[in-house]
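> need a structure here:
(chains A and B)
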Amino acid sequence: MEALISLVQRNSKVFRRDKTQVFFSLLSVIIVIVLYAVFLQKMQVDAIERITVATPELITMVNEWLVAGLLSMIAVTTTLGAYGIAIKDQETKAQADFLTAPLSRATIQMSYVLNALIIGSIFSFIALIGCEIFIVATGGKLLSLGHFVQVLGILFLSVLLASVFNLFLSLFVSTQNAFSTLGTIVGTVLGFLCGVYVPLGALPGFAQNLIMYFPISHTTVLLRNTFMESSITNVFKDVPASYVEDYKINFGIVYELQGNILSTSTSIIVIVGTILVLAIVSILLFKRKYK
Amino acid sequence: MTFAIKVENLCKQYGVHNAVNGISFTVEQGTLFAFLGANGAGKSTTIEILCTLLKKSSGNVTINGFKLDVSNDNADIRKSIGVVFQQSLLDTRLTVRENILHRGRTYGLSKTQLAENYQFVSSYLHLDDIEKQKYGTLSGGQKRRADIARALIHRPTILFLDEPTTGLDPQTRQFVWQAIKQLQQETNMTVFLTTHYMEEAAVAHQVIVLKQGKIVAQGTPDALKTKYAYDSMALVFNNNIDGVKWLEDHEISYTVKQEIYTIRLDSTLQALLLLKKAEPLIASFEVIKGTMDDVFLHIMAEEGVA
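Here you go, the predicted model:
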């Protein structure tokens, strides 16, 4: 156990001290913020103004929509960045150094997974605090204690899912060049697959289905629901329920799959189920790789 | 006699290629053992097997009394060995102290034991001046000191050194070797060395030369020098015509380069006899002892490589 803790601490220090690595793991999130400032916010506000009057609460609601997307993306990009250490250790043969100590490959691999979980959790928490400050600074309100705890729970699930998802991907990569390419692909595709770059309703049917079947996007949905719950009620208080439902579907606040609105528990089942499946598959892949 | 390492008929195959082809040898505890060979001879493969990093295809390996088992992590062996790799493998953004202590903790040492061990290796390798520096900012020699300290932090009884001084300046090489020798003598540690510097192999207790996965020569450096190297004498004559005539009259074969005539000696003492006879003709001379370089080149040439 002492050995595992030491390895995790080492991995964490190595990641945190590589400022370039930290920056690049946050790059896609920075891009989203820029896109939001340039046109995403305006696009959404314009769309909502067609069905109701623009109020300061509307801006808060749209900001919350962005924040939910950002938080789900950060979990993925930071945990992926953390796995960069595993690939580097593999390529530079630093793992060989660890393997001359009484450590199993499984312990070393576990240290990378735990490090990804810790890095993802720390960055997600810091981002959550930053997002709350942003919402308050732009005229919104802090999350209630209940909602805050709920968000923390979703973030934990989100980081867990991202850690296992990225573990699975990293098992197919053995060089830093390939890993860098993987990072670029994930960073680019993630914004679309979480419905952050472009709202769900603006995409063609097959793309909408693709997003809804992408497990990580369910963490975005859960976060949007929690963040936006009270502001949606306030903004759309005089608007017919069908309009509100349309807004929620178009902006990926709820998923409608084959005519049915997916419940929160369905999203949680999708997330937990994916975590379990990917964990089992990753263990099998790992065993096969080092047979 | 206690063996730190015992290797019996060790083989490693990659497909149809035999990287290591049935080698057997023993390394006595507390000795310095040199493992030589040209690039691709199978040295690194052998060392990786002994360090539990690579699975053997067949044969038996016993290290510190523990049998190498391909089906497990060989924790007992790993606890008793330290490895200095060819490349620098520590973390560039961590300080020397952080690097060594993080790795030390992977051996399950108590905090007190780890602190004691750190003090011990630090005193031998003079880490005080570099311990707070980031590893990535160190010079090549400083990095090597840190690498060796990392390999010794759990106080192993066998130290594997895979070309530890390659690329270091002569002063740093000397420092590294002094530290290793002092440690070996004071702690009765076994040192298993691969190197391309033959003068480093010359101080070993036992030397093995590997070629194409097979042992082609083994013995003490003196025994190998006796068998494969020879002493020689370089002569500069007052008058080259007279000198050459004298050599030919005495049927002594020679080579000449830049007016320096080199003759092969059967023994160092033979130089005395020749010098007495040819004294009036000689302007200067040098008796050259056979070296491990000669041994290595001779063996490689004999086997058709050099």
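
> Which secondary structure state does residue A:142 sit in?
Secondary structure assignment for residue A:142 (DSSP: H, G, I helix; E, B strand; the rest coil): coil.

> Hmm, it is touching residue A:136, no?
Yes - using C-beta atoms under 8 Å, residue A:142 is in contact with residue A:136, at 6.0 Å. For glycine as for every other residue, the C-beta is placed from the backbone atoms N, C-alpha and C.

> nearest residue to residue B:290 other than its sequence neighbours?
Using C-beta to C-beta, 6 or more residues apart in numbering or on different chains and skipping residues adjacent in sequence, the residue nearest residue B:290 is residue B:229, 3.0 Å away.

> Next: residue B:156.
residue B:82 is the one closest to residue B:156 (C-beta to C-beta, 6+ apart), at 3.8 Å.

> how many neighbours does that neighbour have?
Residue B:82 is flanked by 25 other residues according to other C-beta atoms under 10 Å in any protein chain shown.

> And the helix or strand containing it, what does it pack against?
Using DSSP states H and E, residue B:82 maps to strand B:81-84. Under the contact definition 3 or more C-beta pairs under 8 Å, 6 or more residues apart in numbering or on different chains; DSSP states H and E, strand B:81-84 sits against helix B:140-152, strand B:158-162.

> could you check whether the helix or strand just after that strand is close to chain A?
Heading C-terminal from strand B:81-84, the first helix or strand you meet, by DSSP H and E, is helix B:96-104. Yes - counting by C-beta under 8 Å from any C-beta of the partner chain, chain A is contacted by helix B:96-104 at B:98, B:102-103.

> Can you tell me which of the residues you listed is nearest chain A?
Using C-beta to the nearest C-beta, residue B:102 is the member of the residues of helix B:96-104 next to chain A that lies nearest chain A, at 4.3 Å.

> Would you work out how far apart the start and end of stretch A:19-36 are?
With C-alpha to C-alpha, to the nearest Å as the measure, the ends of stretch A:19-36 fall 25 Å from one another.

> Let's test this: mean pLDDT of that stretch, rounded?
Averaged across stretch A:19-36, pLDDT comes to 82.

> buried residues in that stretch?
A:21-22, A:24-26, A:28-29, A:31-32, A:35-36 (16 or more other C-beta atoms under 10 Å in any protein chain shown).

> Repeat that for stretch A:43-62.
For stretch A:43-62, by 16+ other C-beta under 10 Å, it's A:44, A:47-48, A:52, A:57-62.

> With stretch A:172-181 instead?
So stretch A:172-181, judged by 16+ other C-beta under 10 Å, has buried residues A:173, A:179.

> Do you have the strands of chain A handy? List them.
A:256-257, A:260-261 (DSSP state E).

> which one of these is the most hemmed in?
Counting by mean count of other C-beta atoms under 10 Å in any protein chain shown, strand A:256-257 has the highest mean neighbour count of the strands of chain A, with a mean of 14.

> Can you find the residue of the stretch 101-250 of chain B that comes nearest to chain A?
Closest point on the stretch 101-250 of chain B to chain A, by C-beta to the nearest C-beta, is residue B:105, at 3.6 Å.

> Who are the contact partners of that residue?
Residue B:105 is in contact with A:2-3, A:5-6, B:114, counting by C-beta atoms under 8 Å, 6 or more residues apart in numbering or on different chains.

> ok, 6 Å please
Residue B:105 makes contacts with A:2, A:6, as judged by C-beta atoms under 6 Å, 6 or more residues apart in numbering or on different chains.

> ok, the nearest residue to residue A:101 once chain neighbours are set aside to residue A:1 distance?
Residue nearest to residue A:101 in three dimensions, not counting chain neighbours: residue B:106, with 4.2 Å by C-beta to C-beta, 6+ apart. Separation of residue B:106 from residue A:1 (C-beta to C-beta, to the nearest Å): 11 Å.

> who's more crowded, the two?
Comparing residue B:106 with residue A:1 by neighbour count (other C-beta under 10 Å), the higher total belongs to residue B:106, at 26 against 7.

> Quick check: closest non-adjacent residue to residue B:167.
residue B:140 (5.8 Å).

> Can you get me a residue count around that neighbour?
Residue B:140: 13 surrounding residues under other C-beta under 10 Å.

> Helices along the chain, start to end?
Just so you know, I chose chain A. Remark: helices assigned in chain A by DSSP state H are A:2-17, A:19-25, A:27-35, A:41-49, A:56-92, A:94-99, A:105-137, A:145-170, A:176-193, A:205-213, A:215-235, A:241-250, A:264-289.

> my question was about chain B
B:43-50, B:75-80, B:96-104, B:111-125, B:140-152, B:170-187, B:198-201, B:221-228, B:240-249, B:270-278, B:292-302.

> Make JSON lines from those and add mean pLDDT and distance to residue A:193 to it.
Listed next are the helices of chain B as JSON lines, based on pLDDT from 0 to 100; distance: least, C-beta to C-beta, whole Å:
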{"stretch": "helix B:43-50", "mean pLDDT": "91", "distance to residue A:193": "42"}
{"stretch": "helix B:75-80", "mean pLDDT": "91", "distance to residue A:193": "43"}
{"stretch": "helix B:96-104", "mean pLDDT": "94", "distance to residue A:193": "37"}
{"stretch": "helix B:111-125", "mean pLDDT": "91", "distance to residue A:193": "46"}
{"stretch": "helix B:140-152", "mean pLDDT": "91", "distance to residue A:193": "43"}
{"stretch": "helix B:170-187", "mean pLDDT": "84", "distance to residue A:193": "53"}
{"stretch": "helix B:198-201", "mean pLDDT": "82", "distance to residue A:193": "57"}
{"stretch": "helix B:221-228", "mean pLDDT": "83", "distance to residue A:193": "66"}
{"stretch": "helix B:240-249", "mean pLDDT": "91", "distance to residue A:193": "86"}
{"stretch": "helix B:270-278", "mean pLDDT": "89", "distance to residue A:193": "83"}
{"stretch": "helix B:292-302", "mean pLDDT": "80", "distance to residue A:193": "60"}
